[in-house]
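Engineer: Got a sequence here, can you model it:
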Amino acid sequence: RLKAFFSDFAKEEPKPLRIAFERCIEANAYFALKSASDGVKRVSRKVEIAQRVRNEHGLDTTLCAEALDILEAALFGTVSTADYDNKEYTNAITDLNEALKLDPNFAFAYFNRGSAYNSKSNYDHAIADYNEALRLVKHR
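Structural biologist: Next up is the predicted model:
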């Protein structure tokens, strides 16, 4: 199933994203995400994998994060911070704070933390995080 998905993915996506996806697969992302029992654990594992791939292969963390999102969507359907139930948004924010300590230029983490803040109706923080994600993407 993964090979068929990758084959379709490779035809449609730009080369840098395909390379990031391939490196994430090599880093056992499939098994790490498949064995995660909930959205909180998947966010944490995606952060770890993106950091490892960046360190080992020098790939852009945002590309790795995008590739992992695509893999996660293939495994679980469309996935985002909406997978957290209301009481877990705080856990999501905590996980994403850790990701940003590891890589303060991780636009994907700002975007997802903004989504978590938005879900908690903390709009000022959400807007600040969305703006930071946009700033980082524009300066790549």
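Engineer: low pLDDT regions in this structure?
Structural biologist: 1-14, 74, 76-87, 140 (pLDDT under 70).
Engineer: Let me know the distance separating residue 16 from residue 67.
Structural biologist: Remark: distance between residue 16 and residue 67 (Cβ to Cβ, to the nearest Å) = 10 Å. C-beta coordinates here come from the backbone N, C-alpha and C atoms, glycine included.
Engineer: same deal with residue 109?
Structural biologist: For residue 109, the distance to residue 67 (Cβ to Cβ) stands at 15 Å.
Engineer: Leaving out sequence neighbours, find the closest residue to the residue positioned nearest the centre of the chain.
Structural biologist: The centre of the chain sits closest to residue 65, judged by Cα atoms, centre = their mean, with a distance of 3.9 Å. Once flanking residues are discounted, residue 65 sits nearest to residue 108: 3.6 Å by Cβ to Cβ, 6 or more residues apart in numbering.
Engineer: host element of the one you found?
Structural biologist: Using DSSP states H and E, the element containing residue 108 is helix 107-119.
Engineer: how about the lengthiest helix in the chain: buried residues?
Structural biologist: Taking DSSP state H as the criterion, the chain has its longest helix at helix 39-57. Of all the residues in helix 39-57, those buried under the rule 16 or more other Cβ atoms under 10 Å are 39-40, 42-54.
Engineer: Residue 16 and residue 67: who's more crowded?
Structural biologist: A direct count of neighbours by other Cβ atoms under 10 Å for residue 16 and residue 67 places residue 67 higher, at 28 against 13.
Engineer: for the more buried one, what are its contacts?
Structural biologist: 17, 20, 21, 23, 24 (Cβ atoms under 8 Å, 6 or more residues apart in numbering).
Engineer: do the same with residue 134
Structural biologist: By Cβ under 8 Å, 6+ apart, the contact set of residue 134 is residue 107.
Engineer: how far away is it from residue 117?
Structural biologist: For residue 134, the distance to residue 117 equals 15 Å [Cβ to Cβ].
Engineer: Also residue 102?
Structural biologist: From residue 102 to residue 117 the distance is 20 Å (Cβ to Cβ).
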